[in-house]
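# Structure here, sequence nowhere to be found:
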């Protein structure tokens, strides 16, 4: 509820100075510091993935020839795309240890949103490099260079990955289309919450398909380098998060059952006050923290501010 937010200033009538100016200044400074933490985490993740990719992949092995540039661009956008999506999936679990670093669940979800948008942008660029080139060749705008003799493969895992390349490309393409639609729906504020809740969970399926695509099509040499290790850890964590989400077990150990005692609607600021008496043990909270309250299983959990 709005009344539970720390730093809320209530209007008490006309006056020449804002009330509680020192407190308001401290709240603004804290808010700015929190935003800096989110920006640092966001930029730090992109920088880390970019640096690891740069260490693993020669930038332009054949000079500035178009198809060499295409390969580099596809690899880079793929790494960034699946990397930020994996962290976004992990944040969807509402990890308690991460919340203090970002000053609350609402800030964690803000970073989750930024990562989702970034993943969408890089996925679109990745798709354009892959499909756009094929279209250009088909239209006669580009001439595909002749391939030299294929190197002899000895690693059975690499041989298996190469054999599944066509399947991985098809799965990734359809998962990309689904993810684009679902992310756009998630960013549309007018979309009903009960439908958003259901469609957003389906994103976990699209993510798992993209992990399958990424594992098989990531350059095999990456896996023996720090880039591959970090990608493996992120995709493993994201896959676990996706399975937990699909099973409806997010926050399962931190649930409590209660009964509604009072409902008060404040039409002026469109706030609903809900007083709940718990039947289970409540671990305690601080004013301003969030609770996900489920009134109906059809709609899922709604976020409420606790006062």
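Cool, the structure landed. Since the structure is predicted, the reported quantities are computational estimates derived from the model, not experimental observations. Residues are numbered from 1 along each chain as shown.
# is it true that residue 259 lies in a helix?
No: using DSSP: H, G, I helix; E, B strand; the rest coil, the secondary structure at residue 259 is strand, not a helix.
# host element of the nearest residue to it once chain neighbours are set aside?
For residue 259, the nearest residue in space outside its immediate sequence neighbours is residue 277; the separation is 5.4 Å by C-beta to C-beta, 6 or more residues apart in numbering. Where you see a C-beta, it was placed from the backbone N, CA and C, and this is true even at glycine. Residue 277 is part of strand 271-278, with elements assigned from DSSP states H and E.
# can you give me the helices in the chain?
Using DSSP state H, the helices of the chain run over residues 21-56, 66-91, 99-102, 105-138, 156-163, 165-187, 193-217, 226-246.
# and the fourth one, which residues are buried?
Translated: helix 105-138. The neighbour-count criterion (16 or more other C-beta atoms under 10 Å) identifies 105-112, 114-116, 118-120, 122-123, 125-127, 129-130, 133 as the buried residues of helix 105-138.
# Next up, the contacts around the residue nearest the centre of the chain.
Note on the chain: the residue nearest the mean C-alpha position is residue 88, at 2.5 Å, using C-alpha atoms, centre = their mean. Contacts here follow C-beta atoms under 8 Å, 6 or more residues apart in numbering; on that basis residue 88 touches 112, 115, 116, 119, 238.
# ditto for residue 37
Remark: with contacts taken as C-beta under 8 Å, 6+ apart, residue 37 is in contact with 101, 102, 103, 107.
# redo that, cut-off 6 Å
With contacts taken as C-beta atoms under 6 Å, 6 or more residues apart in numbering, residue 37 has the following neighbours: residue 102.
# same deal with residue 120?
residue 183.
# Now do it, the pLDDT please.
Each residue has a pLDDT score; the one for residue 120 is 94.
# From residue 293, how far off is residue 287?
Here the distance between residue 287 and residue 293 works out to 16 Å (C-beta to C-beta, to the nearest Å).
# who's more crowded, these two?
Set side by side, residue 287 and residue 293 give different neighbour counts by other C-beta atoms under 10 Å, the larger being at residue 293 (14 against 11).
# what sits opposite the closest residue to the more buried one other than its chain neighbours in the beta ladder?
If the residues on either side of it in the chain are set aside, residue 293 comes closest to residue 304, at 5.1 Å by C-beta to C-beta, 6+ apart. Under the criterion DSSP bridges, residue 304 forms beta bridges with residue 291.
# mind starting the numbering at 18 from now?
Sure, I'll start numbering at 18, so the last one becomes residue 321.
# wouldn't residue 321 be in contact with residue 306 here?
No: assessed by C-beta atoms under 6 Å, residue 321 is found out of contact with residue 306, at 9.9 Å.
# need the contact list for residue 91.
For residue 91, the contacting residues are 146, 147, by C-beta under 6 Å, 6+ apart.
# what stretches of this structure score poorly on pLDDT?
Across the chain, the stretches falling below the confidence threshold (pLDDT under 70) are 18-51, 76-81.
# What separation is there between the residue nearest to residue 55 when sequence neighbours are not counted and residue 60?
In space, not counting the residues next to it along the chain, residue 55 is nearest to residue 128; the distance is 5.2 Å by C-beta to C-beta, 6+ apart. Applying C-beta to C-beta, the value for residue 128 to residue 60 is 11 Å.
# what's the burial count for residue 223?
21.
# Would you mind confirming that it is in contact with residue 196?
Yes: using C-beta under 6 Å, residue 223 is in contact with residue 196, at 4.3 Å.
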